[in-house]
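Chemist: with the input below, show me the fold.
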Amino acid sequence: MEAKFFYFLKIVGVGYKARAEAAGRLLFLKLGYSRKVELIVPPVVRVLCVKNNVICCTGIDKQRPPEVYKGKGMIYIDEVIKKKQGKNSK
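Modeler: Coordinates of the predicted model:
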């Protein structure tokens, strides 16, 4: 597999952590739930954990939805997300 896209993702949140195993095929995420979330990575993507909150993804596709209301979740290292106001704020 030739990696065309190479991105570093940062997990933002209190106690959020990541761990990769099985040569980049399994990703364990601790995202504030009572248990760890286990993700099986698709065959065209490889995952490495550089730090507890930095994930390196390599693959042939670059699709990813952003999270803009709370500022939490996975973001690119150099990305700045403008927070949107909720519908209750005036």
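
Chemist: where does the protein have low pLDDT?
Modeler: The model of the chain has pLDDT under 70 over residues 1-3, 60-68, 71-76, 89-90.

Chemist: which strand is the longest one in the protein?
Modeler: strand 5-12 (DSSP state E).

Chemist: that one packs against which elements?
Modeler: strand 54-59, strand 73-76 (3 or more CB pairs under 8 Å, 6 or more residues apart in numbering; DSSP states H and E). All C-beta spots, glycine's among them, are computed from the backbone N, C-alpha and C.

Chemist: buried stuff in stretch 25-37?
Modeler: By neighbour count on 16 or more other CB atoms under 10 Å, the buried set for stretch 25-37 is L27, L29, K30, L31.

Chemist: tell me how far the ends of it are from each other?
Modeler: With CA to CA, to the nearest Å applied, stretch 25-37 spans 14 Å between its terminal residues.

Chemist: residues in contact with that stretch: which ones?
Modeler: Here stretch 25-37 makes contact (CB atoms under 8 Å, 6 or more residues apart in numbering) with 11, 13-21, 38-41, 47, 55.

Chemist: thanks again, I'm all set now.
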